[in-house]
Each structure stands twice: as C-alpha cells, then as structure tokens.
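A.B. asks: Build the 3D model from these lines:
(2 chains)
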Amino acid sequence: MAATIANDSPKYKNSLICCSPSVEVTSRASTSSTSGCVSADESYDSNYIPKSIANKKLKIHSSATKEEVEKAINQCKELVLSSPQCSDERKWLVRYLVELRLRLEDLKDNNGQARVRVSIKGHHFEQQTNPSNRKQYCDHCSGVIWSIVQGSYICSDCGYLCHYKCVDHICRVCAHVVMTEKGSFETNICPEKGLAAQDYKCAECQTALTFKDTWNEPRLCDYTGLYFCATCHWNDLSAIPARVIHNWDWEKRYVSRIAFQMLNLSWTRPYIDIENVNPRLINFIAELEWVHKMRKDLEWMRRYLCACADGTSLLSPLFVQLGDVNKKYSMGHLQAINDGTLETQLTELTELCRSHITNCGLCSGKGYICEVCKNNEVLYPFDSGALMCDKCNSMYHRGCWLRKGQICLKCLRLEERKKNVDVTIDSTDTFEYDIDKFVN
Amino acid sequence: MSSRKKVLLKVIILGDSGVGKTSLMNQFVNKKFSNQYKATIGADFLTKEVIVDDRIVTMQIWDTAGQERFQSLGVAFYRGADCCVLVFDVTAPNTFKSLESWRDEFLIQASPRDPDNFPFVILGNKVDLDNRAVSAKRAQQWCQSKNDIPYFETSAKEAVNVELAFQTIARNALAQETEAELYNEFPDQIKLNANDNGRNRDGDNCAC
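C.D. replies: Okay, here's the model as predicted:
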C-alpha cells in the first residue's frame, strides 16, 4: 500500500523544492511559462500556487517570529495590489494573506507552542489527539507517523495527515477545495501528455523525475494523466470516473495521492451527468437503463408524496438523491448499479411508495382513469402499463392507446372545441372571445 | 463539557465596496471612526471577546474587500463560518440590490449544513446621512422574504445600533456553533465508549 521510505532520505529533501525559497524556483517558473508546459492547459492548474508566492521574501519558515509574519503580510498586501484583478495569481495571494493573518493571530495567542490549528493551502489542520491504532503515514514525506513521540496534524476537510514538522512545507492544495471549486470529475480517460510536458518534474512536489532513476521511478496517475514521484503517488487503487463513464470499466488503477483524496471526497457527490456526457451508455448497460427509468418513475412519485402528509415520511435520503429532477449520478450510485445493490434498494423503495400511493385516499384521488375504456382501474404516470399524453396529460392503457390508433382522444376533443370557438368568434364580438380564452 | 472549551465564533462581513464594512468592524472593536476611505486588501480580521448569555466567547470578525469577488477568497475561507453579516449603504440602492447575490454566493462557497437556517444579519449602514435612497420598509420586506433575517439600521460614524447588531450576530452565531458541535460530537462519543470498554476488559483480565 503506502510506500515506506526512510524518513530522512535525500529524496525526501529534494521533494521540498517547491517550498524552499531559492532562486531555482523562480527560474523554473519562468522557463515553464515560456515553454508552455503543464501549467498552461492542465486541468487543476489554477490550484497550484503561482510563482509570485514562491518569492523568496514572502516565504516564512515554521519558527517565524511575529515581526517576520507581519513583514510577510505587508509584502503580500503589496503583491495583491500589484497583481491584475481576477487573476489566479491574485486569488492565491489573497488566500495566502488570509493564512498569514491567521498565523499571526496564532502567534499572539500561544507564543512558541505547537499550533492547535493551522490553515495552509486551503487545509484546515487540527492536532490529532487520539490517533487510530493503524499505522499512519505522513502525506508530505510519506514517512511513518510514530504517534507516541511525534505529533501530527489532520486536515478536517480532506484527511491529509502530516507530521508537525512537515506542516509548513506541504505542497498539496486541499483536495476538498480543489474538488468543490471544480465541481466535476475529469472526463477524459487518463489525459497523459508525457514527462516532457511536466519539465521532467513531479506534478506535485517538482522533484526531478526520469525513468533512469530506479530509486524514484515516475509513477503515472491514471486519473490526472500526470507523473508523480513516489512520495506523491503511493500506488493507491481506485476506479476512474472517466473510464466508467466511457467504457463502464470498473477496474481499479493506480492513482496519485491527490487524485485518491479527490476521488474519495467526491465519491458520493452527484457530479456525473450521463445524459450529457455519454447518453449511449444508458442503452448499452441494462442495469443503468433500468435505474434511469426508475428515476423518472420516482420523480412522478415524488410529486404525489410531496403533497401528502403521510407520504413525505417516505422521502428517504436515497429518494431525495435519485428522485430529483437533475439527473446527475454520483460515483457511489454508479458503483451500486454495477454491483446490483442499487437495484434491490430501488425496487424496495418503489414498491413501498407505490403501495402508499395506491392505498392512500389523498394520493389515489390524484390518479387517472383511462380516456378510452373508462373502467374503474386507476392509472398513475409511473405505471409501466400506462401511457400519458405529453400535451394534455391525460392517461391511457397501453393497449387502449394502440387500439385507438395512437391518437389522444382528449387532444382531438380540445381541437374540435377550438374550431367551434373559432366559428363563434366570427359571429360574435371579440369581448366574448377574451373570456373564452381564459376558460380554455 | 463543551462550555468550558474556548468558543471562537467566525463572523464574515460581506457587501459591496464602500458600504462601511471596515468602519462597522472598527467601531465595534476599537470604538473608532475615520472619515478617510481606505480600501481593504484581501481580507483582514479583528477579534473581540464578548459575553453572550453568561458565556465568554471570542468573535473573530472577518472584514473582506468589497472588490474581491468570491472565487478569490474561496471555499476554504468561508468554511466554518458561524454567521454572515451582509452590509449595504442606505444611500446607494445598488448596494442593496447586490445583497441577494452576496447571499447566494456565500451559501455556494460555504455550503453550510442547513442553508435555509444559516444565520445571516443585514445591516443598512450610513443612516446618519441625509440622502437616503433605500427605505427601511423595503429592506425589512426583503429580509422577511428571506426567512426572517434580522435587520438593523446602523451608522458606524455615530455608533448607532452597532453594539446591538453585533450582540445579535454573536448570539445567532453561537446558536449555530453549538448546533454544529452537537452534530460533530456524535461519532467521537461512540469511539470513546469503545475505548473505555477495551480498557475495562483489560482491567478485568489483569492478574494483579
């Protein structure tokens, strides 16, 4: 699972390049912008800190004093003012400013002691007071967290774990922030561009990467299509949304830590609009087609249940998720469709709701009678044996509809009446016509 | 148990630029007012300890720059807010109109657990000026239509209603905070019990 690497390996030190206030950083940034590398078209690029923040003077170390932080704040303010409005650079400068201010407040509160809360790069770190019994690894250096002797922080939003000593050096922006601001999954299957597009550097910590180096081989993340070093890519396995949407391929593949955290966080969020992204999938996957049809039925049922005092209690969380007009799916739903659990859950749910609607006086009163045979059987829009005219909302038995030549009788009646009205208009004055229009 | 813990209320002040967000905060915390306008950069905060219902709480009041639109502060900034204060200028109808979008954007970014009941407070500032353009009735009506948001007419310059408004803000924020705490502590309690059980069993098994 997690790569166990010696705590203070040289590789670990290298991986701090991003945070070390050196000339290298600025030069790297300038070369990368001219060569138009990853940063230009990469999907979550806006979540990487722009070069101005890697500025030497702005950076503060973990044991910075009050004065140093104050100085950094003032410099950051100047940078904000000099940056163009609505730019990514400004966005991150403002966020950095907020973090600095929180840091300053923290210094005033408890001088020199370990900080209880740290906000950095969108994370909200809290001290981990009762670590679990499982062995934990630092997300930054991938070393073991020895919970008895080493303090650790955990991000309350994305679950990022790290040592006290690592917290000021972390490179990864909080996965919760990235996913919430993006609001969708990557829909291209492993959009790989190759190492050259990344300047032969890890996409997260900027460690140099080559396939010659057997100690730190580049690892491909199947979700982002980017290469990572072993500290940022632990060979976590996950199903990939893009592969599911396009190929219904549920095989788990290796993903980077950031992708793993993003996928885990967003697993139950309704991000996938199958009807728009890949409508043909619905025809190919029978289970999906069935669920899709069920959702339409649920939507009808919802209209009945919402208006009934007893019925609203049937609106379970699952109902609310699936019986909504926006037809987006979460990865969790798709997975449940694939392994069949959603089918059984949905069958139970629809049976329950159906039995309520047919037995409840209020709900069944809103049912329909077939326009053709007019027998006493009550029809509902969610019945499979019934059809609804999409113009006038009258209902038919499927058989009756076919027998009558697939023509809506009510629509015919309405049309005839309209003709009659038209005739009367010619003879009478327009005043009466106005009233008729309202009656119709 | 929870009352002994230090309570920190995160309050965020939003509104168009120049409506007096910084002035209101300064008046409340420092009891000072300056006629000079100086645009806020990014975001800044001041803290003040207040007593609400016999509890000492620390208000962390975040003053934002009216020009910075939401995306620059972002999800992380708004997360964990306990109350949102929307300010408009009673002499400028446009600032009143944009309240709606400030509110919507806040709810999108902060995504509170219960958006319908998240505590907002509306402040109509600069009532000391003569050229008033938004009537109290109109503002009141809008607030009522939005799930009865409390509305105050304030003047940061003359210190009218500022104390009262922030008292309400603190009270509503505290109510929100305690609710959130209740919600949060459930899983922990279960964990604690599990630990206790384990320890007891160890005690029983101990040979000495």
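
A.B. asks: Would you map the helices across the stretch 201-350 of chain A?
C.D. replies: A:241-247, A:257-266, A:274-277, A:280-284, A:286-306, A:317-322, A:331-339, A:341-359 (DSSP state H, counting those that start in this stretch).

A.B. asks: Not counting the second one itself, show me its contacts.
C.D. replies: The set of residues external to helix A:257-266 that reach it, using C-beta atoms under 8 Å, 6 or more residues apart in numbering or on different chains, is A:139, A:158-160, A:172, A:175-176, A:178-179, A:185, A:204, A:221-224, A:228, A:232-234, A:236, A:238, A:241, A:255, A:330-331. From N, CA and C alone the C-beta is placed, and that goes for glycine too.

A.B. asks: among those residues, which are within reach of chain B?
C.D. replies: Counting by C-beta under 8 Å from any C-beta of the partner chain, residue A:176 from the contacts of helix A:257-266 sit close to chain B.

A.B. asks: Quick one, which of the contacts of helix A:257-266 are buried?
C.D. replies: Buried subset of these (neighbour count, 16 or more other C-beta atoms under 10 Å in any protein chain shown): A:139, A:158, A:160, A:172, A:175-176, A:178-179, A:185, A:204, A:221-224, A:228, A:232-234, A:236, A:238, A:241, A:255, A:330-331.

A.B. asks: In strands only, show me the contacts of helix A:257-266.
C.D. replies: Among the contacts of helix A:257-266, DSSP state E puts A:228, A:236, A:238, A:255 in strands.

A.B. asks: how many neighbours does the residue nearest to the first one when sequence neighbours are not counted have?
C.D. replies: Beyond its immediate neighbours in the sequence, the residue positioned closest to residue A:228 (C-beta to C-beta, 6 or more residues apart in numbering or on different chains) is residue A:256, lying 4.5 Å away. In terms of burial, residue A:256 registers 27 neighbours under the definition other C-beta atoms under 10 Å in any protein chain shown.

A.B. asks: Might you report the residue contacts of residue A:256?
C.D. replies: Residues near residue A:256 by C-beta under 8 Å, 6+ apart: A:203-204, A:219, A:221, A:223-224, A:226, A:228, A:232-233, A:236.

A.B. asks: Could you provide the residues you listed in CSV, with additional columns for distance to residue A:119 and pLDDT?
C.D. replies: Shown next, in CSV, are the contacts of residue A:256 (distance: C-beta to C-beta, whole Å; pLDDT from 0 to 100):
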residue, distance to residue A:119, pLDDT
A:203, 24, 88
A:204, 20, 87
A:219, 29, 90
A:221, 26, 93
A:223, 26, 93
A:224, 25, 92
A:226, 26, 92
A:228, 25, 91
A:232, 21, 90
A:233, 26, 90
A:236, 25, 91
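
A.B. asks: Please list all residues in contact with residue B:50.
C.D. replies: B:56-57, B:59, B:166-167, B:170.

A.B. asks: Mind listing the residues bridging to it?
C.D. replies: Residue B:50 has these beta-bridge partners by DSSP bridges: residue B:57.

A.B. asks: any idea how far residue B:169 is from it?
C.D. replies: Here the criterion is C-beta to C-beta, to the nearest Å. By it, residue B:50 lies 10 Å from residue B:169.

A.B. asks: close to chain B, is stretch A:267-282?
C.D. replies: No. Between stretch A:267-282 and chain B, judged by C-beta under 8 Å from any C-beta, nothing touches; the nearest distance is 10.8 Å.

A.B. asks: Span of that stretch from start to end?
C.D. replies: 20 Å (C-alpha to C-alpha, to the nearest Å).

A.B. asks: what's the spacing between residue B:67 and residue B:18?
C.D. replies: 10 Å.

A.B. asks: wait, residue A:97 sits on residue B:40?
C.D. replies: No. With contacts defined as C-beta atoms under 8 Å, residue A:97 does not count as touching residue B:40, sitting 10.8 Å away.

A.B. asks: Name the residue in these two with the higher neighbour count.
C.D. replies: In this view residue A:97 and residue B:40 are compared by other C-beta under 10 Å, and residue A:97 has more residues nearby, 22 against 18.

A.B. asks: shared neighbours, residue B:50 and residue B:169?
C.D. replies: residue B:59.

A.B. asks: My understanding was that residue A:404 contacts residue A:387; is that so?
C.D. replies: No. Between residue A:404 and residue A:387 there is no contact under C-beta under 8 Å: 11.0 Å.

A.B. asks: So which of those two has more stuff around it?
C.D. replies: More neighbours surround residue A:387 than the other of residue A:404 and residue A:387, with 21 against 15 (other C-beta under 10 Å).

A.B. asks: tell me which element the more buried one is part of?
C.D. replies: Using DSSP states H and E, residue A:387 falls within strand A:386-388.

A.B. asks: after that strand, next one along is what?
C.D. replies: The helix or strand immediately downstream of strand A:386-388 is strand A:395-397, counting by DSSP H and E.

A.B. asks: Okay, now the sheet partners of that next one, with direction.
C.D. replies: strand A:386-388 (antiparallel).

A.B. asks: circling back to that earlier point, which members of the ones in strands among the contacts of helix A:257-266 are the farthest-apart pair?
C.D. replies: Among those, the pair separated by the greatest distance (C-beta to C-beta) is A:228 and A:238, at 14.2 Å.

A.B. asks: Residue A:202 versus residue A:222, what's the distance?
C.D. replies: The value you get for residue A:222 to residue A:202, if C-beta to C-beta is used, is 16 Å.

A.B. asks: So, low pLDDT: which residues of the chain?
C.D. replies: Just going to use chain A. Applying pLDDT under 70 to chain A picks out residues A:1-60, A:62-63, A:109-114, A:131-132, A:324-326, A:424-440.

A.B. asks: Chain B is the one I meant
C.D. replies: B:1-5, B:68-71, B:180-208.

A.B. asks: can you give me the helices in it?
C.D. replies: B:21-30, B:70-78, B:93-97, B:99-110, B:136-145, B:162-205 (DSSP state H).

A.B. asks: Which positions in chain A make contact with chain B?
C.D. replies: By the rule C-beta under 8 Å from any C-beta, the part of chain A lying against chain B is A:76-77, A:80-81, A:85-86, A:90-91, A:93-95, A:97-98, A:101, A:105, A:119, A:122-124, A:130, A:157, A:174, A:176-177, A:180-181.

A.B. asks: Which ChimeraX command selects the buried ones in those?
C.D. replies: With 16+ other C-beta under 10 Å as the burial test, the buried ones among the residues of chain A next to chain B are selected in ChimeraX as follows:
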select /A:76,77,80,90,91,93,94,95,97,98,101,119,122,123,124,157,174,176,177,180,181
